[in-house]
Structures are given as C-alpha cells and as structure tokens.
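1. sequence and computational prediction follow.
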Amino acid sequence: MAIALRGARIFTGETFLDGHAVLVEGARIVDVVPVERTGHARPIVLDGGLLAPGFIDVQVNGGGGALLNADPSVATVRTIATSHRRFGTVGLLPTIITDAPQVIARAVDSVSRAMAEGVPGILGIHIEGPFLDVLRKGAHAARFIREMDEADADQIAGFAALCPVMLTLAPNRVRPALVQRLTQAGVLVSLGHSDATYAEARQALDAGARSVTHLYNAMSQMTGREPGLVGAALAHAESYVGIIADGHHVHVAALKVALTAKSPSRIMLITDAMPTAAGGPDSFELQGRTVKRSMGRLSLADGTLAGSDLTMDTAVRYCIENLGLELAEVLRMASLNPASFLRRADELGRIAPGYLASMVLLGEDLQVKATWIDGQ
C-alpha cells in the first residue's frame, strides 16, 4: 500500500510546493499530488518543515568514529553511511585515500559487498590516489604515492566492473591515454592533488575526466599567465567541481568566484569527512599520524589540513549564510548536482514520479529532522 507524506513544504529539485503530498510505494515515488488527491494512501503527517531530495556526498572518508583506510570492511562502510544519514546524507561514496594496493583492493571489495547486501545509501567508491603528485599531497602519505602504469589502469577498470568507481588522480602524473581508457571503462575520473599546468589539466579533461576534487585545495592555483588546475576547472564548462564549504578549506570570496565563473549546476557540495564527523571523537590515527580536531578544523601535527569535520547539512547552512545563494540552488548543489555527476539524475536528486524515495526532512532552521532511503 502506498503512503502519503504530507504536512511539509516540498522542494522537488526544481520548485517549491505547498499543500502537496508525496506518494511512495516501496522504494519509489509514485506521484506528487495536492493533499486532497492522496486517495487511499496511508497518511504520514509531517510536522511542518521542508521535504527535499536527500543529500549525496561523493567524498566521505569516515564518520562516527570509523575510517575506511583504517578498517576497509563492510562494517566500516555501514557505520559511515549510518552516521552521515542522521545529517541528511542518503547516498555517498565511501572514500579510500592513498594507501597500499591491498588496502585499496579490500576497500573496493567491501563497498561492492555492502552494495550487494543492500547497505542503505552506498552508491559506489571514491578512490583518492595513489596516482597523485607528491608536491600537492596534502595529508596523503608520500610513501604510497606512485605513477600509474598499464596494469594499474587494468585493475581500476576491473574495480569499475564490481561497483561504480570515482578515481582522483593527478593529470601531470597520469598520461591522457590512460585517463581516456579509464573513462571508457566507466570510471568517473576526477583531477586533484596536482601541480599540473593548465595545459596538462585540459588534456585530462579533454580525455574524459569528469570533475575536479575539492576545488582550490591541494592543486596548482590560477595566476595571470598560468591558470593551473584551478583555472582549468573554472574555464571548463562541462566538468563538475567539488567544494568543501566549512570555512576552513576555502575562503568565502574564493567560493563566490567559483560560483561566478562556473555554472552552479556543475558545483557539488562535498564533506571530505573524517572519523570525527557525524558524532566521532576529537582525534584519530591516519596511517600512523595523529589528526586532531580544533574549532572545527582537522589537522596533522604540522598544521596540514587532513579532511574535514563537516556534514552535508552544515555545508548547506554555511552556503545559505555566507554565499548569498537561494535555498533551491544550494539544495541542488547537495543533491541533484552530485546525482548528475554520478549519472544517476534519472532516479536521484528529485522528488518526482519514478524516482527513488530518498529524501530529507529539514526544519525551519535547516536542521535534519528525518531521512528516507529508498522509501525506508
């Protein structure tokens, strides 16, 4: 029997509706109709607020005390998804950063098994490294960073046959021919942790790279005569960019520049969350190094940023409060845009007939009150 979610304002991904209900049957949305047309559907009355497409985060290293690199297991994947769900995230890519080959392979296997077991909210895996530029390594361990060879490309393509794969690589350390090969295998190639020139970045984008990982952070910056990876990202109309909107990673003025230069439909909010996020502890171990949380900032002993303490709902509120954007635009940056990047915009990122019933209920203060994943 269908249920009718009513009593809240609805944001469909395109427009706001009052006096309407969302009809859900099983995992999917049947229709969005005026409340008087819900028929025999069982009513679930929501106490006000805004019902919106649930948040989708393509870069989640950890949460709730769990870290994929530390324990690349199905249990860790489940903990990360469950922890972030409380903050509105209904779909995510657990992220494994640069590590030993066997650790990365275990993470892929665990994410694939988690999806097969129906762990709610798992949409694939993000492999961030190890094919990066040591000059822009950030918190990635230099001892694991290496160049990609043909066998590596074959392995990553094989991973993509197991589950959806997003791969962050440095375009100045990976040949465009390998980028093209990966994209043809279905890998979502993203550029990051790189001191690439504008020309090198453009070659990778032209070869099929689809996005740029945490724009501005750990990459060559834009100058007048050498636009670097930042300039390539902003000038390339079709590519997506992820931004960490937490007040620590990127200056608010730089975020406004990106929003001016780039179509808002190509900007994705990401968390780059670590174990401290979503109810985790104040510190954790990352490959033998201690990362501590102080005033919302995560850093190594030398001050290097090491991921974030962010959740998606906090990122949404930050953008509303600091960037002067309309709520609809910010909600798309947190839902429809990443769904489009993942090539899932036909069933995620909107509240519309045929779409998965993966939604978030927000209060007037944009705090999360409830979530649904696939109707549950």
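-> Done, it's in. What you are looking at is a predicted structure, and each value in this text was computed from that prediction instead of being measured.
2. so where does residue 259 fall, helix or strand?
-> Element membership of residue 259 [criterion: DSSP states H and E] is helix 252-261.
3. pull out the buried positions in that helix.
-> Residues 255, 257, 258, 259 are the ones in helix 252-261 that count as buried (16 or more other CB atoms under 10 Å). Just so you know, the C-beta spots here come from the backbone N, C-alpha and C atoms, and that holds for glycine as well.
4. and those, which is closest to residue 23?
-> residue 259 (35.1 Å; CB to CB).
5. just checking, that closest one touches residue 266?
-> No. Using CB atoms under 8 Å, residue 259 makes no contact with residue 266, being 10.4 Å away.
6. nearest to residue 200, of the buried residues of helix 252-261?
-> Looking across these and measuring by CB to CB, the closest to residue 200 is residue 258, at 20.5 Å.
7. tell me which residues touch the closest one, please.
-> Neighbour list for residue 258: 215, 216, 234, 241, 243, 267 [criterion: CB atoms under 8 Å, 6 or more residues apart in numbering].
8. rebuild those as TSV, extending it with pLDDT.
-> As requested, these are exported to TSV (pLDDT from 0 to 100):
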residue	pLDDT
215	98
216	98
234	98
241	98
243	98
267	98
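9. which outside residues touch stretch 173-183?
-> 131-133, 147-148, 150, 153, 156-157, 160, 167, 169, 171, 189, 194, 203-204, 206-210.
10. flag every buried residue along that stretch.
-> Neighbour counts over stretch 173-183 (16+ other CB under 10 Å) mark 173, 174, 175, 176, 178, 179, 180, 181, 182, 183 as buried.
11. check the offset of that stretch from the chain's centre.
-> How far stretch 173-183 lies from its chain's middle: 22 Å, per CA atoms, centre = their mean, to the nearest Å.
12. got the CA positions of it in PDB?
-> Provided in PDB are the C-alpha atoms of stretch 173-183 (Å, rounded to 0.1, in the frame of the first residue of the first chain):
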ATOM      1  CA  ARG A 173      51.300  12.200 -13.300                       C
ATOM      2  CA  VAL A 174      48.900  10.100 -15.500                       C
ATOM      3  CA  ARG A 175      49.000  10.000 -19.300                       C
ATOM      4  CA  PRO A 176      45.900  11.300 -21.100                       C
ATOM      5  CA  ALA A 177      45.700   7.900 -22.900                       C
ATOM      6  CA  LEU A 178      45.200   6.200 -19.600                       C
ATOM      7  CA  VAL A 179      42.600   8.800 -18.500                       C
ATOM      8  CA  GLN A 180      40.700   8.100 -21.700                       C
ATOM      9  CA  ARG A 181      41.000   4.300 -21.100                       C
ATOM     10  CA  LEU A 182      39.600   4.600 -17.600                       C
ATOM     11  CA  THR A 183      36.700   6.800 -18.600                       C
END
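13. shouldn't residue 269 be within a strand?
-> Yes. Counting by DSSP: H, G, I helix; E, B strand; the rest coil, residue 269 is part of a strand.
14. what is the end-to-end distance of stretch 256-268?
-> 14 Å (CA to CA, to the nearest Å).
15. revised request: answer the last question for stretch 347-367.
-> Taking CA to CA, stretch 347-367 runs 25 Å from one end to the other.
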